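# I'd like to go over a predicted model; first the sequence, then the structure.
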Amino acid sequence: MNVHQPIDPEWTLEEENALFEMSNLYPEDTGLPMTIWVSPRGNARHDARVKVSTVHGNRMTLDQLAVVAIRPEPRVLHGTLVASDERLVAEWISKNRDALIAYWDGEIGTRKLMQGLVDL
């Protein structure tokens, strides 16, 4: 998250807390050209998803991200990714679906997630 961008004052405490539950996965962690945010389910009412920076590199800003569903198949739910990035993210999610779902379901923590991820 860009530390210079304030949290939206209209957000609920639940939405704000969700940001702090997310883990940043940088390009060196995933083999992707951009940063990914992953999180456990927490109080979410939606299915497993990740947030993907639309900008390459080790940064993530709230106004430059896409939300990508993990199942049944990877697909962009909100925002946009260029076609080549969308293909890479879908491939990475498919390779890591089991670990991402286990993390989402609270079956493993961040350390185990990192150990279970496969780079592109």
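Everything's here; your move. Numbers count the residues shown, from 1 in each chain.
# How about residues contacting stretch 93-103?
The contact list for stretch 93-103 (C-beta atoms under 8 Å, 6 or more residues apart in numbering) reads 38-40, 48, 50, 68, 70-71, 73-74, 108-110, 112-113, 116-118, 120. No exception for glycine: its C-beta is placed from N, CA and C like everyone else's.
# from those residues, which would you call buried?
Taking 16 or more other C-beta atoms under 10 Å as the criterion, what is buried in those is 38-40, 48, 50, 68, 70, 74, 108, 113, 117.
# ok, residue 75 touching residue 81?
No: counting by C-beta atoms under 8 Å, residue 75 stays clear of residue 81, with 10.6 Å between them.
# what's the single longest helix in the protein?
helix 83-104 (DSSP state H).
# for it, what is the average pLDDT?
For helix 83-104, mean pLDDT rounds to 97.
# now the helix or strand following it: how far from the chain's centre is it?
Downstream of helix 83-104, the next assigned helix or strand under DSSP states H and E is helix 110-116. Relative to the chain's own centre, helix 110-116 is displaced by 14 Å; criterion: C-alpha atoms, centre = their mean, to the nearest Å.
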